[in-house]
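Visitor: Here is my input; please provide its structure:
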Amino acid sequence: MIENLTAIILAGGKSSRMGEDKGLMSLFGKSMIEYVLEEAKKLTDKVIIIANNSDYKKYGHPVFTDLIPNKGSLGGIYTGLTKSETQQNLILSCDVPFVKKELLDFLWEKFDESDVIIPQKEERIHPLIGFYKKDCTDVFKKQVEKGELKIRKALNLVQLNVVEANQFPAEMFRNINSKKDL
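Guide: Numbers count the residues shown, from 1 in each chain. Below is the predicted model of the structure:
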């Protein structure tokens, strides 16, 4: 277990492509968020869920609604960092059910002076699998208030470490956005 780490699970999306709440959808007999929670709890017992649906309370972790509604993933990250009581934070989206502790450990070992560390698989970065310092809160808040909701743009304003993670299976990075993906 990592001391002074909060896992922030983002489950507040509109799920417009899915048509229903992604995190609560069943995948092989469990909800998608359950897979993500299992991996997060291997690193820390401090877990919070950012969701606009009170059904997530059934998982036994604090659930917070977006401080600034309808601002996408960046708004969720901002809310999570604001509600977190630790400097180090693991950010995970509820729709990456195949993420594994090995990948998270790999990122954690490389998390140093940078504000944010995220993996890159082949040519694609994965900003919703990573570690973020609470110090980013004000930068992200300004972006959200301006309506600049692209995570990539916000990450350009902090000290970012993108780590090549090609040794991990592509499945670990896969996010499920539609019924077809499911």
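Visitor: Now do stretch 44-52, average pLDDT.
Guide: Averaged across stretch 44-52, pLDDT comes to 97.
Visitor: Straight-line length of it, end to end?
Guide: 23 Å (CA to CA, to the nearest Å).
Visitor: in it, what's buried?
Guide: 44, 46-52 (16 or more other CB atoms under 10 Å). The way it works is simple: take the backbone N, C-alpha and C, and place the C-beta from them, glycine included.
Visitor: is it possible to export these to TSV including secondary structure and distance to residue 109?
Guide: Putting those into TSV (DSSP: H, G, I helix; E, B strand; the rest coil; distance: CB to CB, whole Å) gives the following:
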residue	secondary structure	distance to residue 109
44	coil	15
46	coil	20
47	strand	21
48	strand	23
49	strand	26
50	strand	26
51	coil	30
52	coil	34
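Visitor: quick one: which of those residues is nearest to residue 143?
Guide: Among the buried residues of stretch 44-52, residue 50 lies closest to residue 143 (CB to CB), at 16.4 Å.
Visitor: how much space is there between that closest one and residue 75?
Guide: 9 Å (CB to CB, to the nearest Å).
Visitor: host element of residue 77?
Guide: helix 72-83 (DSSP states H and E).
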